[in-house]
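Asker: Starting from these lines, generate the structure:
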Amino acid sequence: MRDEELSGLLREAAEAHRPDRARMLARVERGTAGERPAARRVRPPRAVRPWLRVAGATAAVCGVLAAGAFAVTSAGDDGGARGDRVAAAPSGQPVSPSPAASAARRGPAGLDGLRPENGPLWTGGVIDPHSNPYWAQSNVTLRTTEPLSALTVELRVAQTGGVNTTGSWRSLPETDFAVSVNESGGYLVYRWTLRTGRKVPAGTHTFAGQYNHAEGDRDARGDYVTAHAVRVSGQKAAVGDRFRRDG
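Answerer: This is a model prediction of the structure:
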């Protein structure tokens with residue numbers, strides 16, 4: 001076949017051809033889709049192990065405590081006199097109490113060597129429950145199992161503010177006792193002394209001192225009572241006790 005005839009046939013075939021547009025677009029789209037890179041899978045972050053979280057938190061707390069201790073130490077070390085600081089005693093070594101604390105435990109000097117009971121005598125002191133924020137009554141109970149030929153009862157009310165007497169009384173006959181009230185050494189002192197020739201019978205007896213005081217619930221822990229007696233037999237006895245609030 002000659003070249004001219006071949007060219008003519010090709011031309012006629014080209015002119016007769018009608019392309020399938022829809023099919024071509026579909027192929028293009030499929031090709032394009034195949035060239036897209038695959039999507040990257042994002043792995044979730046690895047969970048922190050529990051023991052690592054605990055260790056981290058512990059380290060953080062230790063750091064804060066260490067910083068706080070350093071700050072306190074630094075604040076206290078300001079170059080001031082070291083005599084103003086209180087040093088802790090070494091572990092296992094007792095700390096000696098101050099003289100004032102030791103004296104407070106021993107109680108008032110008037111009670112040195114005295115107990116609430118001695119031989120036939122017993123005594124005790126309480127604040128009367130009918131006392132109020134402005135006025136009080138101190139009740140002294142004295143019990144003896146033997147008659148007494150001599151007796152001195154002394155009630156000492158600590159001067160806690162505004163303490164002044166409003167009277168006194170006793171259950172024994174008034175004419176049997178000499179009574180005095182005065183202030184001495186920071187106390188309001190009531191003293192009942194049995195008159196010569198009189199006797200106190202065996203039994204339970206009451207002595208009371210009444211007084212005003214500064215407004216409020218008065219602290220009676222510094223109050224105390226003493227009693228010195230002579231039995232009919234001639235033997236001596238003495239007792240003493242601190243006060244407490246009744247009930």
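Asker: Pull the number of nearby residues for residue 180.
Answerer: Neighbourhood size, residue 180 [other C-beta atoms under 10 Å]: 11. To be clear about C-beta, it is placed using only N, CA and C from the backbone, and glycine gets the same treatment.
Asker: In space, what's closest to it - neighbours in sequence excluded?
Answerer: Leaving out its chain neighbours, the residue that sits closest to residue 180 by C-beta to C-beta, 6 or more residues apart in numbering is residue 191, at 4.9 Å.
Asker: Residue 203 touches residue 144, doesn't it?
Answerer: Yes. With contact defined as C-beta atoms under 8 Å, residue 203 reaches residue 144; the gap is 7.1 Å.
Asker: more neighbours, the two?
Answerer: With neighbours defined as other C-beta under 10 Å, residue 203 and residue 144 compare such that residue 144 has more, 23 against 12.
Asker: which residues touch the more buried one?
Answerer: Taking C-beta atoms under 8 Å, 6 or more residues apart in numbering, we find residue 144 in contact with 120-122, 200, 202-203, 205, 229.
Asker: Please enumerate the strands of the chain.
Answerer: Remark: strands assigned in the chain by DSSP state E are 117-118, 121-127, 135-144, 148-158, 164-170, 177-184, 187-194, 203-212, 224-231, 236-245.
Asker: Show me what the fourth one is packed against.
Answerer: Read that as strand 148-158. Here strand 148-158 touches strand 135-144, strand 187-194, strand 203-212, strand 224-231, going by 3 or more C-beta pairs under 8 Å, 6 or more residues apart in numbering; DSSP states H and E.
Asker: Any chance of CSV for these, columns mean pLDDT?
Answerer: CSV is the format used below for the helices and strands packed on strand 148-158 (pLDDT from 0 to 100):
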stretch, mean pLDDT
strand 135-144, 98
strand 187-194, 98
strand 203-212, 98
strand 224-231, 97
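Asker: Would you tell me which of the ones you listed gets closest to residue 167?
Answerer: strand 203-212 (4.7 Å; C-beta to C-beta).
Asker: what residues does that closest one touch?
Answerer: 128, 134-144, 153, 155, 157, 162-172, 181, 188, 190, 192.
Asker: so the residue nearest to residue 180 touches residue 179, yeah?
Answerer: Yes. In terms of C-beta under 8 Å, residue 191 counts as a neighbour of residue 179; the distance is 7.1 Å.
Asker: coming back round to it: which one of the contacts of residue 144 has the most neighbours?
Answerer: residue 229 leads those on contacts (other C-beta under 10 Å) with 25 neighbours.
Asker: Helix or strand with the lowest mean pLDDT in this protein?
Answerer: helix 99-106 (a mean of 40; mean pLDDT, DSSP states H and E).
Asker: hmm, back to that, residue 108: which of the strands of the chain is closest?
Answerer: Of all the strands of the chain, strand 224-231 comes closest under C-beta to C-beta, at 5.3 Å.
Asker: Now do the buried residues in the closest one.
Answerer: 224-229, 231 (16 or more other C-beta atoms under 10 Å).
Asker: could those residues be laid out in a markdown table, adding distance to residue 238?
Answerer: As requested, the buried residues of strand 224-231 are arranged in a markdown table below (distance: C-beta to C-beta, whole Å):
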| residue | distance to residue 238 |
| --- | --- |
| 224 | 13 |
| 225 | 12 |
| 226 | 7 |
| 227 | 7 |
| 228 | 5 |
| 229 | 7 |
| 231 | 12 |
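Asker: residues near residue 184, how many?
Answerer: Other residues close to residue 184 by other C-beta under 10 Å number 9.
Asker: mind checking how far it is from residue 153?
Answerer: As for residue 184, its distance to residue 153 is 16 Å (criterion: C-beta to C-beta, to the nearest Å).
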